[in-house]
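compute the structure for the input listed below.
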Amino acid sequence: MPLESPLSFFISASDSSRLSWSHFNLDSASGLSIFFGGKAAVSAFALQPLYGRIWHGWYNAPGCHAIVWELVRTVLQGPFSLYSERLALSLGLDGKEGPKYIASRSGTVMQHTRHLAYVLNNSSWRGNECKPVVVGQRISPTPMQLMIVDFKKKVPTGNDTLPPRSSRHSSLPMIASAASIAACAMCASVEDWLSFKMILLGIISSGITSSIMSTGNITLERLKPAHGVPRGDGMLLSDTRIVILRGNEEDVNAVTKGKLRLELKGGGYTVLLCAFIALLQVTLQLVFMPFGTLPGQLMFLLSLLVSGACNLYLSAKEDEVQSSALITLLNTPEVKTYQASSRATAAVLACLALCWESSTPPTQVLQEIVPIKPKAWKAWSEFVVDNIREKRTQFVWGKNESTDCLNDEEDKLLLELIDDAHAAHDQYIKDHTIT
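Numbering: from 1, shown residues only. You can find the predicted model right below:
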């Protein structure tokens, strides 16, 4: 006997099993299932302006009630004209707190920076490099990564902001769209036109709102520094990474103090339109899905399951997608990344990056990263400072007053620290072709 196709098997099963299916139903589950996955739905929705593709989001998705809440809250929280800043905050495109920033030339210390600093500090972006340069061979419990970002070109802001775009995981929504379309086809095959219409409603309403968001314009706003201020060179400092920023004050300000806005054509009225469409989807599906047949309800739940899984995955990768997109706002600065074997190695690299071509005291940078008061560290810091001040291309050290008072254990520690400094000094001189 020839094998039945999956579609004909499903139709025959739905016809022959009505008696057995009458003992249970999915009336409540099919209606209430739309309220799951709200946080993931908002995260996936927020990525639309970063992808910039109008075909994204055309699938029947759960959690739209959370999108309604965020959009309505955005409009009602303040003046209509200032919706763009609140919209970026509500969708997570701005508002995260970045690490401490220390300006090496002006001495300014910011305990907390803004969203772009958070993205830069937490991203795996390394410019055009394939992998970081490993510096030092000592096995240390505190290895650090150091990234030097040189702003050679001006960072555009306001209406000139470069459009942030990402292609990370951009093909994933196609799977959810295919699942929703297939669910519609299965509902049509069993002539459950109510479930068919509810799934189609979800596809169209999510698609329209996502398309509107994909045309949104993200702009970067920064403070204009006063005339005569020094360069904005400094470092973002966290437990496992140091990001050196070198450039004009206004370009560095874009990272440390810049605000992101999400502007839509039609302004706040467009936000309300998206909220209304999403609310309509939630209301109609909640009211009518319990009246669908069991096969139709199963297909509805299947479409929500696939699209919910897609949203959940995109939510988990939100920082990755954001970093690949938002860093394009910085106009492709030059980047050099080092994987330092120890915190001492990273401290020397940071000193060289910030102090070699400026009058910044190396001690000021060192003491922010490592302790320099213990005897061995004090002796080591003196050698580091002396080599940078004298612009030596070869690291030099020897006996002095600070080394004479060290015991055996401190001598051993000093030698390890010297090896770290030697490796960092040689690598930096080599990479920057200093003669």
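
going by C-alpha atoms from here, please, whenever you check contacts or count neighbours.
Noted.

all strands for the protein, in order.
Assignment of strands within the chain using DSSP state E yields the ranges 100-103, 109-110, 133-135, 144-150, 217-221, 234-237, 241-246, 259-263, 334-340.

angle of the fourth one against strand 334-340?
Between the axes of strand 144-150 and strand 334-340, defined by axes from the mean of the first three to the mean of the last three Cα atoms, to 10 degrees, the angle is 170 degrees.

cool, and the fifth one?
The directions of strand 217-221 and strand 334-340 differ by 80 degrees, with the same axes, to 10 degrees as the criterion.

strand 217-221 packs against which elements?
Applying 3 or more Cα pairs under 8 Å, 6 or more residues apart in numbering; DSSP states H and E, one finds that strand 217-221 makes contact with strand 259-263.

parallel or antiparallel, which strands does the strand it packs on pair with?
Strand 259-263 sits in its sheet next to strand 217-221 (antiparallel), going by DSSP bridges.

run through who's touching the partner strand.
Strand 217-221 is contacted by residues 49, 156-164, 254, 258-264, 329 when judged by Cα atoms under 8 Å, 6 or more residues apart in numbering.

okay, the strands of the chain in CSV with mean neighbour count, mean pLDDT and distance to A376 next?
Putting the strands of the chain into CSV (neighbours: other Cα atoms under 10 Å; pLDDT from 0 to 100; distance: least, Cα to Cα, whole Å) gives the following:
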stretch, mean neighbour count, mean pLDDT, distance to A376
strand 100-103, 22, 92, 25
strand 109-110, 14, 90, 28
strand 133-135, 18, 89, 21
strand 144-150, 23, 91, 21
strand 217-221, 22, 91, 46
strand 234-237, 24, 94, 24
strand 241-246, 24, 94, 23
strand 259-263, 23, 92, 43
strand 334-340, 21, 90, 20
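
with distance to Q394 added, can I get those in a markdown table?
A markdown table is the format used below for the strands of the chain (distance: least, Cα to Cα, whole Å):
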| stretch | distance to Q394 |
| --- | --- |
| strand 100-103 | 27 |
| strand 109-110 | 32 |
| strand 133-135 | 16 |
| strand 144-150 | 21 |
| strand 217-221 | 43 |
| strand 234-237 | 25 |
| strand 241-246 | 23 |
| strand 259-263 | 43 |
| strand 334-340 | 19 |
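
quick check: which of these is nearest to G63?
When those are ranked by distance to G63, counting by Cα to Cα, first place goes to strand 259-263 at 21.7 Å.

okay, that closest one in PDB with CA atoms only?
Provided in PDB are the C-alpha atoms of strand 259-263 (Å, rounded to 0.1, in the frame of the first residue of the first chain):
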ATOM      1  CA  LYS A 259      22.500  59.500  23.700                       C
ATOM      2  CA  LEU A 260      20.700  57.400  21.200                       C
ATOM      3  CA  ARG A 261      17.300  58.200  19.800                       C
ATOM      4  CA  LEU A 262      14.900  56.200  17.600                       C
ATOM      5  CA  GLU A 263      12.800  58.400  15.300                       C
END
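
now do it: distance to the chain's middle.
15 Å (Cα atoms, centre = their mean, to the nearest Å).

residues near A423, how many?
21 (other Cα atoms under 10 Å).

mind pulling up the pLDDT for it?
For A423, the pLDDT comes out at 92.

ok, now V75?
pLDDT, V75: 89.

likewise for F35?
Looking at F35, the pLDDT reads 74.

residue contacts, it?
62-65.

make TSV out of those and add distance to T113, neighbour count and pLDDT.
Formatted as TSV, the contacts of F35 follow (distance: Cα to Cα, whole Å; neighbours: other Cα atoms under 10 Å; pLDDT from 0 to 100):
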residue	distance to T113	neighbour count	pLDDT
P62	34	28	90
G63	32	22	89
C64	32	30	90
H65	32	23	89
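
I181: which of the residues you listed is nearest?
So of the contacts of F35, ranked by how close each gets to I181 (Cα to Cα), first place is P62, at 15.5 Å.

apart from its neighbours in sequence, what residue is nearest that closest one?
Once flanking residues are discounted, P62 sits nearest to I34: 4.4 Å by Cα to Cα, 6 or more residues apart in numbering.

how about L201?
Q281 (6.6 Å).

just the buried members of the contacts of strand 217-221?
Buried members of the contacts of strand 217-221, scored by 16 or more other Cα atoms under 10 Å, are 49, 156-157, 161-164, 254, 258-264, 329.

among these, which pair sits farthest apart?
Pairwise distances across the buried ones among the contacts of strand 217-221 (Cα to Cα) peak at 22.1 Å, for the pair A254 and L264.

give me the pLDDT for the spatially closest residue to S170 that is not a sequence neighbour.
What sits nearest to S170 in space, not counting adjacent residues and going by Cα to Cα, 6+ apart, is Y51, at 7.1 Å. Y51 carries a pLDDT value of 90.
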